[in-house]
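Peer 1: predicted model and sequence below, questions to follow.
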Amino acid sequence: MKTLNANGADIPVLGLGTWTLRGGACVDLVAHALEIGYRHIDTAAAYENESEVGEGMRRSGLPREEVFLTTKVWWTDLAPADLERSAARSLEKLGVDHVDLLLIHWPNPEIPLGETIAALNRVRERGLTRHVGVSNFPTGLLAEAVELSEAPLVANEVEYHPYLGQEKVYAACRANGMAMIAYCPLYRGGALLAEPAVTAAAERHGKTPGQVVLRWHIQQEGVVAIPRTSRRERLAENADIFDFELGADEMAAIGSLREAGRRLCDFGFSPRWD
């Protein structure tokens, strides 16, 4: 699996997102993904599936060091003691002694960011995680987090797909040597996968529309895509994106869809977006 380096972290550019996956189906999908070549699994305390993710990793038979494993601390657990407890609890549920990347899942304006970042650094110093980063941070908060952290932040995981431009966040990530990890990279399928810019490229390259959109992501410098699926057969399709390349015109045509400005994940606790 191709990787990119972000502030010392070698992150596979394609991973399996596990949001909404539960029970035996989650175990099966994680195990199958790793068996067919995935090396990056993304979960979170809030997904309530860390135990299943860990079981899927063990069932795959892969050595722990071959899997890049990410989990996240929920926004209500960002006070220092809560963050450290959350990280330890995640390791217990996953059945591992460390994760590769620990993220602040969402910012919390009620808890001083400096205290949260200091706790995140302590967790790293204790060896509970190899790398640290953030998720759903707009540029102002990202700049503040970078300034506050002694350890380099390696990623900002955000919603990103052709219907949602993230130019400002992307530029901030590049300026700070960070990866931008795209969740919901395929939007919700449907309309996006029927866009002429996508279907024309799919026909030209003999690929599916979904493969074209994922290729669009990973062809951008510093971008990682973590599509979620509940279907085993879709895992192989999503991973079959390394044997073709989109042309500059195709990249631009798909990128122009960002004018739609469609955001899927916006909640009462969300920050003010760029």
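Peer 2: Happy to help now that I have it.

Peer 1: going by C-alpha atoms from here, please, whenever you check contacts or count neighbours.
Peer 2: Noted.

Peer 1: and K168, how far is that from T199?
Peer 2: 28 Å (Cα to Cα, to the nearest Å).

Peer 1: more neighbours, those two?
Peer 2: T199 (19 against 12; other Cα atoms under 10 Å).

Peer 1: looking at this, that one is in a helix?
Peer 2: Yes - counting by DSSP: H, G, I helix; E, B strand; the rest coil, T199 is found in a helix.

Peer 1: spit out the contact partners of it.
Peer 2: L193, T208, P209 (Cα atoms under 8 Å, 6 or more residues apart in numbering).

Peer 1: among the residues you listed, name the ones in helices.
Peer 2: P209 (DSSP state H).

Peer 1: what is the nearest of the contacts of T199 to R263?
Peer 2: L193 (16.2 Å; Cα to Cα).

Peer 1: tell me the pLDDT of the closest residue in space to the closest one that isn't next to it in sequence.
Peer 2: Among residues not flanking L193 along the chain, P209 sits closest, at 5.3 Å (Cα to Cα, 6 or more residues apart in numbering). Looking at P209, its pLDDT stands at 98.

Peer 1: let me have the contacts of T199 in JSON lines, extended by distance to S86 and neighbour count.
Peer 2: Below are the contacts of T199 laid out as JSON lines (distance: Cα to Cα, whole Å; neighbours: other Cα atoms under 10 Å):
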{"residue": "L193", "distance to S86": "37", "neighbour count": "20"}
{"residue": "T208", "distance to S86": "39", "neighbour count": "18"}
{"residue": "P209", "distance to S86": "38", "neighbour count": "23"}
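
Peer 1: please, where are all the helices along the stretch 51-200 of the chain?
Peer 2: Assignment of helices within the stretch 51-200 of the chain using DSSP state H, counting those that start in this stretch yields the ranges 80-94, 113-125, 139-148, 167-175, 196-205.

Peer 1: which of those helices sits most buried?
Peer 2: helix 113-125 (a mean of 20; mean count of other Cα atoms under 10 Å).

Peer 1: contacts for the strand or helix carrying H32?
Peer 2: Assigned by DSSP states H and E, H32 belongs to helix 23-35. Outside helix 23-35, the residues that touch it by Cα under 8 Å, 6+ apart are 16, 18, 41, 49, 52-60, 62, 230-232, 235-236.

Peer 1: out of those, list just those in strands.
Peer 2: L16, I41 (DSSP state E).

Peer 1: leaving out chain neighbours, which residue sits closest to L14?
Peer 2: That would be A225: by Cα to Cα, 6+ apart, it lies 5.1 Å from L14.

Peer 1: list the contacts for the one you found?
Peer 2: A225 touches V13, L14, G15, I181, A182, Y183, P185, L214, H217, I218, counting by Cα under 8 Å, 6+ apart.

Peer 1: centre-most residue in this protein?
Peer 2: I181 (4.2 Å; Cα atoms, centre = their mean).

Peer 1: what distance do you get for it to V213?
Peer 2: 15 Å.

Peer 1: again with A118
Peer 2: A118 is 37 Å from V213, by Cα to Cα.

Peer 1: just the CA atoms of stretch 85-94, as PDB, please.
Peer 2: Extracted as PDB, the C-alpha positions of stretch 85-94 are listed here (Å, rounded to 0.1, in the frame of the first residue of the first chain):
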ATOM      1  CA  ARG A  85      -8.400   8.000  30.500                       C
ATOM      2  CA  SER A  86     -10.000   7.900  27.000                       C
ATOM      3  CA  ALA A  87      -6.700   7.000  25.400                       C
ATOM      4  CA  ALA A  88      -6.000   4.200  27.900                       C
ATOM      5  CA  ARG A  89      -9.500   2.900  27.600                       C
ATOM      6  CA  SER A  90      -9.300   2.800  23.800                       C
ATOM      7  CA  LEU A  91      -6.100   0.700  24.000                       C
ATOM      8  CA  GLU A  92      -7.800  -1.700  26.400                       C
ATOM      9  CA  LYS A  93     -10.800  -2.100  24.000                       C
ATOM     10  CA  LEU A  94      -8.600  -2.500  20.900                       C
END
